[in-house]
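J.: Take a look and give me a structure for this.
(chains A and B)
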Amino acid sequence: MDFQVVVLGGGVSKKLIPLVSQELPNALLPLANRPVLSYVLEYLELSNLKDLIVVVEGEEAALHVGAWISGAYADRLHVEVAAVPEDVGTAGAIRAISHHLTAKDILVVSGDLVTDVPLGAVAATHRRHDAVVTAMLCSAPVSGPLESVSSGGKDKTKKPGRYDLIGLDPTKQFLVHIATGAEVEKDLRIQKSMLPAVGQIEIRADLMDAHLYAFKRSVLQEVLDQKSAFHSLKHDVLPYLVRSQLKSEVLLNGIPQAEENRTEKVISQSNQQMLSQILANASEPTFHLRHALGPYGSTFDRRTHKCCVYIAGSSKYCARLNSIQAYTDINRDVIGEASRLSGYSFSTLNNIIHPSAELGAKTTVGPHCILGEGSQMGDKCSVKRSVIGRHCRIGANVKVVNSVVMNHVTIGESCSIQGSVICSNVQLQERAVLKDCQVGAGFVVTAGSECKGEVLAKK
Amino acid sequence: MDPSRRAPRAVIDPIPKIRQVGFFAPPERSQSGPPDPTHSSPPISSSLSPVMIPPPRHLSDNLLLHAPRPASSPLSAAAAAGGSGNSFDYGAVFFPAPLSPAIPSSSYSSRIIATTGEGGFFKGNGAGGGKVAASSFPRGGFDLTAMKKAAAASVVVPASELTTVSVVNDSLGIPEKEKGNKAGGSAVEVKDQPNSSKQQKPKLSKAERRALQESQRAAKAAAKGEGSKASGTVATMNAKPAKAVKPAQKVDNAAVAASEKKGGEIPPEKDRKKDAPQPRMQYDDKSRVEKAKRRAVVKQTEARNRVELFRHLPQYEHGSQLPDLEAKFFHLSPVHPSVYKVGLQYLTGDIAGGNARCIAMLQAFQEAIKDYKVPHEKTLVRDLTAKISSYVSFLIECRPLSISMGNAIRFLKSHIAKLPLTLSESEAKASLQSDIERFISEKIILANKVIVKHAVTKIRDGDVLLTYGSSSAVEMILLHAHELGKQFRVVVVDSRPKLRGQLLLRRLVEKGLSCTYTHINAVSYIMHEVTRVFLGASAVLSNGTVYSRVGTACVAMVAHAFRVPVIVCCEAYKFHERVQLDSICSNELGNPDVISNVLGREDVKHLDGWANIENLQLLNLVYDATPSDYVSMIVTDYGMVPPTSVPVIVREYGREQVWI
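T.: Numbering: from 1, shown residues only, chains lettered A, B, ... in the order given. Predicted structure coming up:
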């Protein structure tokens, strides 16, 4: 096998409470009535990668994810589900399954990624440059920066969002600097040795790390073994590799492994030197090579490694489901402008109504809507830009706008739902009004109540 | 009437030519043009004897390709004799030229003697005349001496005398025409054709018709004997009827000229058929282009605004190739990942240069062979050859092959074909990997070391050396001379759009060499202070033509005009038996967009959107061809040789290639 894929399925994220729970982990959160993990698995299958390892935090969540995968993909993909303890971080997750990794390169994909960027392009870039890590970057979402918890209005004002700052070389192929928003307070710090080597650094704030990486396996395992304090791939491993790419300590141990893998005869030293010289002079040298040669051909044996980037085109969709705002936005995008990702075939009215759904008289379902299997709607209802799950019971005179209604929800008459997320098995009694709310699973909203910007969950 | 016509010519010809020989011997030695007339003289002399016209000319080309094979049949023996005759012509040319010390004189003279004997043996069969022999009596002694030394020829004395006289006279006669015409080589060639057509129109036409028929028969026999691919045979047969039809449609004079041109084309086609890389398609043939597109792995969009003169070369839009190939990274299971990586690097230009591309390709093939497993119910030899062919097709789609890569592929395929059937799979794979390793270390690395050792002797203190572009061999020579403590200066000439000389300049300055950097448009101003010119080459062809980066011919011509010696450094594995007179019929087209922008000058954008203008076409050639007249010396791993020695090395190299 040449590339091995690790899907980080997460567990029960604190940022997504009350949408997720032990029965409904992050990976199974419905997105246009499909679990978000199915988007990743379909994406990998489309790229002809059928041998996967899905890492889930928490034993109970892993059971649910494994059960769902075995039911949905038993005959199409070969998936192994690994359970790791909670709060070990992404680096800890990779550490836990490190003994299962045998391929030359590892693709690490986040389980909450929704994208149609060709995965082969990232792998090809990684392979072409012989990089130790290749990160995929895409445009930042317009709804705001990452890491911003928008669960309450007060919190929003207190904690303004921060962007990632990404430094690139002039050719826009190599990563020179990366700092996530939380790390940058007032100053931007760049290594002094980087400046004469690169010459010109472009700092961009409009790019987002998609949390999709291609690693060289030996380098990744070595870094995780040596730096046991590393907790996150994005915050710890990647910045470390970027910082140390001009004075690499990693490849010192990597070279013996590479040589052991070869069964070739040992080439004489001068022949090898001349061979590398011919190959090195064949093209425009990257700043790694120029730095390794050193000024005036000094004999210092400097080792460098490359951290590559692949910047997705503007026509490609790429988003991460890591906040409630992102959840709402991605739901709207998947049934809207990026509907090619959902796999559904939309009707002439540009919506999807399941054949078994029942609509009452004078009920309108606008474009960019999905009505799930076995749902019923009463008379004079109105649905706009919303997703309604399976087997819902909706009474008469109900308005649903910009919302997500999950499965088995009962909505009474004359209710109004706007910009909200309603989880499974929720009961809204008559004349309830919700705006910008999140209702947890199994909650009962009493009749006539009006809620705005609240989180309603069962205690 | 025919005998009476022949008799006066035979009597008249020797006398004036002998006198001319005496008068003009010294000026011949200063000329560097003799190989061209000697090439043209054998057809004229062979046309005089109608019965034996076609076999020697065409079968001799077969001999060049199959030199290692022993002659087992009478026809093969005749072919060997014909081939020796051609080599004798080369030997005659060497007499006036000074011998280079690299070639041992003993083996050289022994070859001349042997070829003399064999030539006499062949031509003696078809000729006989007592009067002619009597007239050439003074040379009889020399011939007898040669035959005694060879001790191999068993030919009648009068016949050999006749052969020797006629060959020498013909070779000496044509240079006079060149002296009369002081115009360039092309002008002379143009004038030669009408002269020959005027003199012998009816006979030439009949002779060439027979020649065509004989060549077709020989090609068919060769195809059957060698068991070549059916598709190749079909393609060959399809091509020849079309050529046969064309002469009938034209006027007689045009038909004669056209048939002469086609006659010239026949040997290159034969060479191409037997080469490991597929012959380059004529991309103005739409049906073949469509077939190739269906088989192609890479999605290639043909460029608009194609240059008319170069429609026969492939032109693709460069922007769409790389994203499409990247997206398919996990879907091209027939192609090994290491080969895929090398293809991507070719496409993006990360690997450039003949040596680097060849090494990267061979290393990728090593990886592919290591991971290769023989499918069930298939033999390793056939299946691995097919796999290598598919890899080569993929690499050709990423970027056309260079001559060095073609020779390396031929070497690899011949070694796969020669694997003993008794070897196990792992043993066969280990043998192939060690063969590739040996090819890289001997033909490329060791060859470069030998070239450096030879060429450094040409650098003296106080020299000003000029080089063009960025050649790995030239760079090694300069660095080694610097290490030896020689005091010299380097002039690096560069040209857009790639500006490769900047890379060489940076590396030389880092080592402490004193350098001057200039652009190619200023080469005539800098040349007057230059004492030597060192050039690299992508290939050296049989007629001594140096096929290299575009601009090399310009630099060589300016150096020749300033009487500065031009030294070409090229490994022997880049030599090829093809003959090419210009850089139009075979070349590589680069990306036109790169010449519409100026690096570092963002404000110069007059040619933006040039593709939308129908009558505007941008041409970005990658290679050019330097005639051998402008090359003083070729430094190769077999020594320092004149360009006229390239066919000798090709024969030696060909044999050695098979023996390895």
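
J.: helices or strands next to the strand or helix carrying B:Phe534 in the packing?
T.: Using DSSP states H and E, the secondary-structure element containing B:Phe534 is strand B:532-536. Contact partners of strand B:532-536 among helices and strands, from 3 or more C-beta pairs under 8 Å, 6 or more residues apart in numbering or on different chains; DSSP states H and E: strand B:463-468, helix B:472-483, strand B:546-549, helix B:552-561, strand B:566-569. Bear in mind the C-beta positions are built from the backbone N, C-alpha and C, glycine included.

J.: which one of these lies closest to chain A?
T.: In terms of C-beta to the nearest C-beta, the element of these nearest to chain A is helix B:472-483, at 5.2 Å.

J.: circling back to that earlier point, list every C-alpha atom in the strand holding B:Phe534, with coordinates, as CSV.
T.: In CSV, the C-alpha atoms belonging to strand B:532-536 read as follows (Å, rounded to 0.1, in the frame of the first residue of the first chain):
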residue,chain,number,x,y,z
ARG,B,532,37.4,28.7,-26.0
VAL,B,533,33.8,27.8,-26.2
PHE,B,534,32.4,24.8,-24.2
LEU,B,535,28.9,23.6,-25.0
GLY,B,536,26.7,20.8,-23.7
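
J.: got the angle between it and strand B:463-468?
T.: Put simply, strand B:532-536 runs at 30 degrees to strand B:463-468, going by axes from the mean of the first three to the mean of the last three C-alpha atoms, to 10 degrees.

J.: Rounded mean pLDDT for strand B:532-536, please.
T.: Looking at strand B:532-536 alone, the average pLDDT works out to 92.

J.: After that strand, which helix or strand is next?
T.: Once the chain leaves strand B:532-536, the next helix or strand it forms, by DSSP H and E, is strand B:539-540.

J.: could you check whether stretch A:69-80 is close to chain B?
T.: No - legend: contact between stretch A:69-80 and chain B by C-beta under 8 Å from any C-beta of the partner chain is lacking; minimum distance shown is 13.9 Å.

J.: any idea of the mean pLDDT for stretch B:573-589?
T.: Confidence for stretch B:573-589, expressed as mean pLDDT, is 84.

J.: residues of that stretch that come out buried?
T.: Neighbour counts using 16 or more other C-beta atoms under 10 Å in any protein chain shown place B:573-581, B:583, B:586-589 of stretch B:573-589 among the buried residues.

J.: got the end-to-end distance for it?
T.: End-to-end distance of stretch B:573-589: 24 Å, with C-alpha to C-alpha, to the nearest Å as the criterion.

J.: now, among the buried residues of stretch B:573-589, which is nearest to A:Arg393?
T.: Minimum distance to A:Arg393 across the buried residues of stretch B:573-589 is 67.9 Å, recorded for B:Leu589 (C-beta to C-beta).

J.: what is that closest one paired to in the beta sheet?
T.: On DSSP bridges, the residues paired with B:Leu589 through beta bridges are B:Leu621.

J.: which parts of the stretch 1-150 of chain A sit against chain B?
T.: Counting by C-beta under 8 Å from any C-beta, the positions of the stretch 1-150 of chain A adjacent to chain B are A:2-3, A:47-49, A:118-121, A:123-125, A:127-128.

J.: again, only using 10 Å
T.: On the criterion C-beta under 10 Å from any C-beta of the partner chain, chain B has as its neighbours in the stretch 1-150 of chain A the residues A:2-3, A:44, A:46-50, A:104-105, A:117-130.

J.: and B:Ile634, what is it in contact with?
T.: B:Ile634 makes contact with B:451, B:535, B:537, B:540, B:544, B:546, B:566-570, B:572, B:575, B:628, B:640-646, B:649, according to C-beta atoms under 10 Å, 6 or more residues apart in numbering or on different chains.

J.: and it, how far is that from B:Ser472?
T.: Taking C-beta to C-beta, to the nearest Å as the measure, B:Ile634 and B:Ser472 are separated by 16 Å.

J.: Also B:Lys511?
T.: Using C-beta to C-beta, one gets 15 Å for the distance from B:Lys511 to B:Ser472.

J.: Please flag which of the buried residues of stretch B:573-589 sit within strands.
T.: The strands in this structure, assigned by DSSP state E, contain none of the buried residues of stretch B:573-589.

J.: Need the pLDDT of B:Ala408.
T.: According to the model, B:Ala408 scores 93 on pLDDT.

J.: how many other residues sit next to it?
T.: 26 (other C-beta atoms under 10 Å in any protein chain shown).

J.: Can you name the helix or strand that it falls in?
T.: Assigned by DSSP H and E, B:Ala408 belongs to helix B:403-417.

J.: From what I see, A:Ala27 and A:Arg34 are in contact.
T.: No - using C-beta atoms under 10 Å as the test, A:Ala27 is too far from A:Arg34 to be in contact (11.7 Å).

J.: and these two? which has more neighbours close in?
T.: More crowded of A:Ala27 and A:Arg34, by other C-beta under 10 Å: A:Ala27, with 29 against 19.

J.: any idea how far A:Thr180 is from the more buried one?
T.: For A:Ala27, the distance to A:Thr180 under the criterion C-beta to C-beta works out to 23 Å.

J.: Show me which positions of stretch A:429-442 end up buried.
T.: Residues of stretch A:429-442 classed as buried: A:Gln429, A:Arg431, A:Ala432, A:Val433, A:Leu434, A:Lys435, A:Asp436, A:Cys437, A:Gln438, A:Val439, A:Gly440, A:Ala441 (neighbour count, 16+ other C-beta under 10 Å).

J.: and the two most separated of the residues you listed?
T.: With distances taken as C-beta to C-beta, the most widely separated pair in these is A:Arg431 and A:Ala441, at 22.5 Å.

J.: Torsion angles phi and psi at the residue nearest the centre of chain A?
T.: For chain A, the residue lying nearest the average C-alpha position, counting by C-alpha atoms, centre = their mean, turns out to be A:Leu113 (3.1 Å). Per-residue torsions, A:Leu113: phi -90, psi 130 (degrees, to the nearest 10).

J.: In this structure it contacts A:Glu42, no?
T.: No - between A:Leu113 and A:Glu42 no contact is recorded; they are 11.7 Å apart, counting by C-beta under 10 Å.

J.: Can you get me the start-to-end distance on stretch B:437-452?
T.: Start to finish, the residues bounding stretch B:437-452 are 21 Å apart (C-alpha to C-alpha).
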